[in-house]
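A.B. asks: model this:
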Amino acid sequence: MRDSISTTSQPTDSELPFSSQPTANGAASGEPEVVVIKGPPRPENYSSATSTEHKEQSTMNGTTPAALNVRRSIDRQRKEQRAVSSILSGVGLALLLIIAGFASLSAFGGYVLWKQIQNQSVTLGVMEQRINKELALLQARDAELASGLDSAGAQLAKQLSTVEQIKSQVNRNDKDISTLRQRLSMLEGDSGDRRR
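C.D. replies: Numbers count the residues shown, from 1 in each chain. Model (predicted):
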């Protein structure tokens, strides 16, 4: 079986990994000997990379209809790629414009909100000043009312004391009148007894 493998596969120049010169020259020049290890046999329809490149170059010479079809398909793919790239660039530009529009709108909204907040802070300051003034006026009025209530209370206390004094005087007068009546009645009774 080894004989059949060796007879079917003849060594080519591409099997030598380092050089295509025979080993005798390598040994004479002082380089180490290169041993070629043969692999399994190649199939009958095997073609090396160099032979396929030569076939592709021969088919791509531009005169055959297959080459024309390849050129047409390449041109069509280029056109499609250009169309796709133009569509993608348009979509990208549209997205960038939309993002820029949203950013500008948000910046404008932020500016408007900032202005409104400043206006509200100014109005709040004015309102605080007005409220402080009104509170000061109310506190002054409360103090005046409190002092008025105190004076009114003092006057009421004086009037109550005078009323009590008047009551006590009326009671004394009533007592005096009752004693005078008793004396008059006694005097009248004595005079009536005398007349009899």
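A.B. asks: Quick one: mean pLDDT over the helix or strand G92 falls within.
C.D. replies: Using DSSP states H and E, G92 sits within helix 65-195. Helix 65-195 shows a mean pLDDT of 88.
A.B. asks: again with stretch 36-56
C.D. replies: 64.
A.B. asks: helix/strand/coil for E33?
C.D. replies: Following DSSP: H, G, I helix; E, B strand; the rest coil, we place E33 in the coil state.
A.B. asks: do the one 4 residues further on as well
C.D. replies: Reducing the assignment to helix, strand or coil with three-state DSSP, the entry for I37 is coil.
A.B. asks: Could you report the neighbour count for it?
C.D. replies: Using other C-beta atoms under 10 Å, the number of residues around I37 comes to 6. (Each C-beta comes from the backbone N, C-alpha and C, glycine too.)
A.B. asks: Torsion angles phi and psi at it?
C.D. replies: phi -100, psi 120 (degrees, to the nearest 10).
A.B. asks: before we move on, what about V35?
C.D. replies: phi -100, psi 130.
A.B. asks: if I look at it, how far off is A136?
C.D. replies: 113 Å (C-beta to C-beta, to the nearest Å).
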